[in-house]
Structure formats: structure tokens, C-alpha cells
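Enquirer: Return atomic coordinates for the entry below.
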Amino acid sequence: MQEVDEATPEADAPRPAEARAGGGAGEVFLAFLFQGLTAFGGPLVHIGCFRREFVERRRWIGEAAFAELTALCQFLPGPASSQLGMALGLRRAGVSGMLAAWIGFTLPAAAVMIGLAYAAPRLTGAFGEGWLHGLKIAAAAVVAQALVAMARTLAVGPIRAGIAIGAAAGVSLAPGAASQILALAAGAIFGLALLAEPGEARNEPGVPVSPRAAVWAFAAFAILLGVLPVAAQLLENPTLGVASVFYRTGALVFGGGHVVLPLLEAEVVERGWIDTDSFLAGYGFVQALPGPLFSFAGFVGAAQQVAPGGWWGGLVAIVAIFLPSLLLVPAALPFWGAIKANAGARGALAGANAVVVGLLAAALWDPVLGGAVQRLTDWALVAAAYVFLAVARLPPWLVVAGFAVATGLMTR
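Expert: Below is the predicted model of the structure:
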């Protein structure tokens, strides 16, 4: 690792030896386990919690370096807050720290979501279908709120808005995982051609990753993306098949955790692995938990109606959907300064982000609203949930729990 540039404050960009000073992976695990148990509210809230904990209280990292890591994780595909946790763990205690941060932050929600896959049928038998309907209503409002927020930042201006509208129309007319991948590729090409804009180059934050190790990490990411589906088909191995689907989803999620909804829906619901009602109910429930939205994969993997299901399917899904991020974070860190300043890369990302707005809009209409709205009064419930989230600014967990309980009682 090269010496930190003299213009960068030492507190903001420590050398690798300083970054690893402290309690090591155990310290990192406990710190992020606390975040996984208490950080409610979605990716942006998680980032704020990380800032308070690791910049202000623990002083693991300076303000400028934290901002650089945040920008990098918002650039990469995958869950931004989880990737930021990985980068902080990597900076603090190397690769073992990165893994400790991911496990600590993900474990609580993932365990609950896998457990819910077992408990949901019993809960439905005890309380009826009403609570599931409430979860779907709340999920529709959460997706609508996310869509509005993302459109305001990722689909501004005629070019981005046009890309988003085109993507929504395209995947609605030709639903499926292949059309979503093609839409993302087309958006990146349009962005490269029409939205390229140079950025400011800065030194990468100090991390214990050499350029050679970064290249190997990216090579592993690309090889797995290409080899997993082929190996699953040739070997006829269900576990590899599930791993390939969730790995591909984790590699293509641009724009935030909510985008996992349309990508996973196209992969698992369209294949008949899980029914739409269970899929939407699980997505609603994950909004009520602390930790990453990607823990939803644990529910889908465990509840799916093909092998491997149960706890093993949930574990495979969780590991596979986060694995691209575990490879991309160390792959990108040493080169972040050059990536950030590259006009083409910024344009391609802007185009891909505009596409995800269209993907989320298409998913909001079908299957989210299609699965949640069964009668005219359900439109009023979705609108009320949206008001509670976007206007009253109640936390998502409270809205989800409230609607699940309320609809459960009303339908008994």
C-alpha cells in the first residue's frame, strides 16, 4: 500500500497498520452486531448510524474518508449500507474484519427471516390471512415511497426520465430476468453516450488491499457470474442453481436495496419457486427489521418450493446474494480515485440508475399493487400507509407492524 498523500489528513486516511489497530475482527463483529440489532430504517438511516458510531464515537475513520467510502458503495452494485460496513471492517481489520462486519450486521435479520419462512404457515393458521394482507399493503407503500425518492435523484432531467420510462415499458411488455438485464445494459450504454461527465479525482481511502489482490477479487467476481449458471445446469445441482440466481441478483442491484424486489421477483416468482403472496409478505416483513434489506433473500431461499429450501436454502441465498459485494468492495477500493474521475463510468452508472427507477416502477404496478390490492378499499389502505411513511414520517417497522395487526384483527 502506498503512503497516504500529504494533503490528506492522517485521521481521514490512516495507513494499513493504523487501520488495523484495535481489537481486530472480534471487535468489528461486536460493533456491527449491535448495528444489526438496532439500525432500523433502511440504507440511508444505516449510513447515518455508521457515521455516528464509527466516525464520531469510536473514531475508527475520519469524516472525509467516510464520505469517500460512502460514495464508492453507492457507485457499486449491491446493498450500499452493507458494503459500507464491509469497507469499514476491511479498513479496520483486513479481510477478516470485512467478513466480521458483514456477518455481524446481517446475522440478526437473516436469522429472523429464515425463521419466518418456517413460522409463516403456522401464523397464517393461527391468525388467518389478514396479517399477510397487511404486510403486502405496507410493502406496496414502502416501494411507492422508495420509487418517489429514487426518481427525484436518479431520473431527473429528460434523458434520465426517458431512460426510466423506456425501461418500465420494456420490462412490462416483456417481463423476466433477461429483459431486466438487457434494460440495465441498454441504460448503461445510453448513459455512456449521453450522460458522461468527468468527476473529481481523489486519493482512495487507506485500505489494506493491494492492486494485485483487487484484480484477483474482480476476476473471481466475473468468473462466478459466468460459471455458476453453467455449472448448475451441467451438474443439475439445485444448490448451485439457487446460488447462481441469488449471486446474479446481488451483482445487478443498482440504486439501493429496494431494487432487489423486481430483480428477485423476476428470478424466483417467475420460475415458480415461491408464490407471489408469500414473496410480497416476506418483503413487507423485512421492512420491520433492523439490518440490511438483502436479508429478504434468507426468507425467499428458505420458503421456496424447490430444493434446497429450509434453513440450508436460506443460508445459500444469503451468502450468494452478498458474495458479489464481498468481492467488489476490495476490488474497487484501490482504484476508486480513477473510477470516480472517469466520465464514461459516471455516465454508464447514471444510465443504469435511471433504469432501476423504471424497473421499480414496473414492479410497483405488477406484482406489488397487483398482489396487495384485492378490493377498492385496499387503495385507501395503501394511500394511508404511504401518508404515514412519506408525510408523517413514521418508521417503516411501525407502519408494517401496525398494518399487519390491524388487517389481521379486521378480518378475524
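Enquirer: looking at this protein, which helix or strand is least sure?
Expert: When the helices and strands of the chain are scored by mean pLDDT, DSSP states H and E, helix 16-19 comes last with a mean of 40.
Enquirer: helices and strands around whichever helix or strand comes after that helix, which ones?
Expert: Next in sequence after helix 16-19, counting helices and strands by DSSP states H and E, comes helix 24-38. Applying 3 or more CB pairs under 8 Å, 6 or more residues apart in numbering; DSSP states H and E, one finds that helix 24-38 makes contact with helix 43-50, helix 80-127. C-betas here are computed from N, CA, C, even on glycine.
Enquirer: which stretches of the protein have low pLDDT?
Expert: 1-23, 123-128, 199-207, 411-412 (pLDDT under 70).
Enquirer: quick one: the strands in it?
Expert: Assigned by DSSP state E, the chain shows no strands.
Enquirer: how many neighbours does the closest residue to Pro108 other than its chain neighbours have?
Expert: Among residues not flanking Pro108 along the chain, Gly36 sits closest, at 4.5 Å (CB to CB, 6 or more residues apart in numbering). Residues lying near Gly36 (other CB atoms under 10 Å) number 28.
Enquirer: And Ala372, by the same measure?
Expert: Neighbour count of Ala372, defined by other CB under 10 Å: 26.
Enquirer: Hmm, it is touching Leu280, no?
Expert: Yes: Ala372 is within contact range of Leu280, at 6.7 Å (criterion: CB atoms under 8 Å).
Enquirer: shared neighbours, the two?
Expert: Taking CB atoms under 8 Å, 6 or more residues apart in numbering as the criterion, Ala372 and Leu280 both touch Lys136, Ala139.
Enquirer: can you list the helices and strands packed on helix 24-38 in TSV and add mean neighbour count and distance to Gly291?
Expert: TSV is the format used below for those (neighbours: other CB atoms under 10 Å; distance: least, CB to CB, whole Å):
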stretch	mean neighbour count	distance to Gly291
helix 43-50	19	8
helix 80-127	23	4
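Enquirer: any chance of these in TSV, with distance to Ala138 too?
Expert: TSV is the format used below for these (distance: least, CB to CB, whole Å):
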stretch	distance to Ala138
helix 43-50	17
helix 80-127	15
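Enquirer: So for Leu135, which of these sits nearest?
Expert: helix 80-127 (9.8 Å; CB to CB).
Enquirer: That closest one versus helix 24-38: what angle between them?
Expert: 50 degrees (axes from the mean of the first three to the mean of the last three CA atoms, to 10 degrees).
Enquirer: which helices and strands sit right next to helix 80-127?
Expert: helix 24-38, helix 43-50, helix 63-75, helix 130-154, helix 276-286, helix 296-303, helix 310-332.
Enquirer: winner for burial among those helices?
Expert: When you average the neighbours per residue for each of these (mean count of other CB atoms under 10 Å), helix 296-303 leads with a mean of 30.
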